[in-house]
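Undergrad: Coordinates for the following, if possible.
(chains A and B)
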Amino acid sequence: MGERGRKVLDLEKEALRQLDILSHGAVDVIPKEELLEKLKRSLETKTPLRVKLGLDPTAPDIHIGHTVVLNKLRQFQDLGHHVQLVIGDFTGRIGDPTGKSETRKQLTEEQVQENAATYRAQVFKVLDEERTMLHFNATWLSSLQFAEVLRLGATVTVARMLERDDFKKRFSENVAISIHELFYPLMQAYDSVALETDVELGGTDQTFNLLMGRTLQKEYGMSPQVVITMPLIEGLDGVQKMSKSLGNYIGVDDEPKDMYGKAMSIPDELMVKYLTLVSGLRKDEVEALEAGLVGGTVHPRDAKMKLAHALVTRFHGRTAAELAQEAFVRVFQKRSLPDEIESFALEAERVALVPLLVRAGMAPSNSEARRLIAGGGVKMDGETVNDAALEFEPRTGMVLQVGKRRFIKLDVQG
RNA sequence: GGAGGGGUACCAAAGUGGCCAACUGGGGCGGACUGUAAAUCCGUUGCGCAAGCUUCGUAGGUUCGAAUCCUACCCCCUCCA
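TA: Alright, predicted model coming up:
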């Protein structure tokens, strides 16, 4: 075999190696052969692949659900490829995609920039900044001619569009769908055309949109992108997919203690999934834990503590994880006070408990505060309060507690 | 454009003149149990200490009294064109 032949063989081998890494953990790679082809060509021509991920500009907080996809992007980067992050600022300007009565507030240019900055800060906890390009899709979408838009519209039928899960659902449940919403998948697909994307990533819920990119790229005579879908993870409730609007998420910017606590509150059934997809633990470590769980040698609580610890370590470092764990054990397992309690300054000599709870932000209204007291959910210095009309003389250092996790320490001025 | 159905609290869904701050389920919150898991059980879920006040698409009207009746408007759905 000649020099040249050997080289080709090495390329082939390397491409297969990359394919293997990149497909791992993915739900689908559509189609796999094309990815292999693209990888080979990339190696041959020493041109990195362009791997795209679209981001919604209205919800700038990244949660660990997003990191499933980000991790995959990072793998691409580690293999020398480039990431195209597309901020859907144009989409954000159009407004209301949910068809609800209230039109979504249009984002101003400033807000978009602000959100983009937030994204950048959070996303690079996972991604390699050097190999990431940030784009805003208004760059190309806002100037599209109507004729061009019609061309986009002509590539899909309504019936096909209504196959998309959320449209189908809304349609059958009689929830309004506006025409412009049908263009969303097309707009996202057009991003791939504009950026000549080689590979696009997304959650499985994005499959339809991602495939639309292929359709459109073909329409424009380009080689269609490969689509990689990643599993979605359920949020803290264990049922709904993790999302900010449902409030069931763990944000990458969450305080270490919150992050730890939230991780501890996930249902057991989700543990392995979290361990696999977001913990940052090595495969063998995860497998060991999993085996222990199945075999009954590892208490689920301890496995979950490992998960929580790993998660905090990943985003805040080891020291923070240790502290968070200690705090958790102290407050929830030993039921003693947290080491640090936010203090609340007040001046009065004599105060009524109910309005104080409201002022301190521990209850949304007086009525609610009363209910909490009636339900035995309020403690003063560890004693359950029974009297909703209670007045007392505050002393600095007194601790008020609502429920299991809300504490406040009084700080009497003067 | 024509005909019909419908908009009730966080969601779903009852209620069709006073007994409705509004049945019920889900969700949320608090409590018990526990591992801040699940399951289960209990309480609670507009504001107000209370008298009471503001809520049933929006704006008016009838009535002693309206989520319920009338008028106009807005929105959604179905069938036809």
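Undergrad: What lies in contact with the lengthiest helix in chain A?
TA: If you go by DSSP state H, chain A has its longest helix at helix A:3-23. The contact list for helix A:3-23, computed with C-beta atoms under 8 Å, 6 or more residues apart in numbering, reads A:1, A:29, A:32, A:35-36, A:39-40, A:43-44, A:72, A:75-76, A:79, A:228. Backbone N, C-alpha and C define where each C-beta goes, glycine included.
Undergrad: Let's see that with 10 Å instead.
TA: For helix A:3-23, the external contacting residues (C-beta atoms under 10 Å, 6 or more residues apart in numbering) are A:1-2, A:29, A:32-33, A:35-44, A:49, A:51, A:72, A:75-76, A:78-81, A:199, A:201, A:226, A:228.
Undergrad: For that helix, C-alpha coordinates in PDB please.
TA: Extracted in PDB, the C-alpha atoms of helix A:3-23 (Å, rounded to 0.1, in the frame of the first residue of the first chain):
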ATOM      1  CA  GLU A   3       1.700   6.500   1.100                       C
ATOM      2  CA  ARG A   4      -1.500   7.800  -0.400                       C
ATOM      3  CA  GLY A   5      -3.500   4.700   0.300                       C
ATOM      4  CA  ARG A   6      -2.400   4.600   3.900                       C
ATOM      5  CA  LYS A   7      -3.500   8.200   4.300                       C
ATOM      6  CA  VAL A   8      -6.900   7.500   2.900                       C
ATOM      7  CA  LEU A   9      -7.200   4.600   5.300                       C
ATOM      8  CA  ASP A  10      -6.300   6.800   8.300                       C
ATOM      9  CA  LEU A  11      -8.800   9.300   7.300                       C
ATOM     10  CA  GLU A  12     -11.500   6.700   7.100                       C
ATOM     11  CA  LYS A  13     -10.600   5.400  10.500                       C
ATOM     12  CA  GLU A  14     -10.600   8.800  12.000                       C
ATOM     13  CA  ALA A  15     -13.900   9.600  10.400                       C
ATOM     14  CA  LEU A  16     -15.400   6.500  11.900                       C
ATOM     15  CA  ARG A  17     -14.000   7.300  15.300                       C
ATOM     16  CA  GLN A  18     -15.600  10.700  15.200                       C
ATOM     17  CA  LEU A  19     -18.900   9.300  14.000                       C
ATOM     18  CA  ASP A  20     -18.900   7.000  16.900                       C
ATOM     19  CA  ILE A  21     -18.300   9.700  19.500                       C
ATOM     20  CA  LEU A  22     -20.800  12.000  17.900                       C
ATOM     21  CA  SER A  23     -23.600   9.500  17.700                       C
END
